[in-house]
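J.: Here's my sequence, what's the structure:
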Amino acid sequence: MSQTQAIQLRSKIIGVLLRDARLAAGKSLKQVADVIGLSSGTLSAVERGANALSLPELELLAFYLRIPLAHFWSEDIVSQEVSPAETLQAEGLLALRHRTVAALLRQGRNEKSLSQKELSDRTGISPSRIRRYESGETAVPLPELESLAASLGYTLDDFTDSSGPVGEWIVRSKAVAEFDELPRDLQEFLAAPSNHYYLELAQRLSSIPVERLRVLVETLNALIK
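T.: Numbering: from 1, shown residues only. Take a look at the predicted model:
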């Protein structure tokens, strides 16, 4: 499969997942389109896979529809109704995030000492489009950002928002999802207030350099013996 075909396939998958999330939230095309400043027709094209949204747009919709951002990286549908957020300052948030993604993309390419032409050869995305993406003139469609990030040795996590109302919600929802994947007995251990001391101790130990930690373990073992 060529890079172009892979990008087209990802657009279709993301479109299906977006439609599923919208329907699970009980929202119309117009309601969701209004959040990111698109027309209903454009959003319909996105859901069909004919167009693709940018990462900042999907971040905002994940926040609005109250679903994990990772929903759009999976192939699983939303199996239950969700309660969407009601208020957003979308225009300013999107503008800031688009500029941030553009800057990170440009910085990543420069760190790899690649020209726009060389990155184009790796991804099949024209140099002129890469230039527009890096300047912030045009938002980067998510499937193309995935391709560009992979070619530069990065993941989407490197471009994902982690601050502000949307970013903080993404971080929290990811933490909840990871907690839900833990075995039941481990969840109960982590949730018990009496075990918080052990969690704090583990957190402090995780910041100790490996060599010092090894010496500490050997010392403790010697004392126990």
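J.: C-terminal to the lowest-mean-pLDDT helix or strand in the chain, what's the next element?
T.: Sorting the helices and strands of the chain by mean pLDDT, DSSP states H and E puts helix 164-180 at the bottom, at a mean of 72. Downstream of helix 164-180, the first helix or strand assigned by DSSP states H and E is helix 184-191.
J.: now the helix or strand just after that next one against helix 184-191, angle please.
T.: Note on helix 184-191: by DSSP H and E, the next helix or strand toward the C-terminus is helix 196-206. Counting by axes from the mean of the first three to the mean of the last three CA atoms, to 10 degrees, helix 196-206 points 90 degrees away from the direction of helix 184-191.
J.: Remind me what helix 196-206 packs against, helices and strands.
T.: Where contact means 3 or more CB pairs under 8 Å, 6 or more residues apart in numbering; DSSP states H and E, helix 196-206 is not packed against any helix or strand. To be clear about C-beta, it is placed using only N, CA and C from the backbone, and glycine gets the same treatment.
J.: so is the spatially most central residue of the chain in a helix, a strand, or just coil?
T.: Nearest residue to the geometric centre of the chain (CA atoms, centre = their mean): residue 160, 4.6 Å. Using DSSP: H, G, I helix; E, B strand; the rest coil, the structure places residue 160 in coil.
J.: for it, phi and psi?
T.: phi -80, psi 140 (degrees, to the nearest 10).
J.: can you tell me which residues contact residue 102?
T.: 133-136, 140 (CB atoms under 8 Å, 6 or more residues apart in numbering).
J.: Please report the distance of residue 35 from residue 160.
T.: From residue 35 across to residue 160, the span is 18 Å (CB to CB, to the nearest Å).
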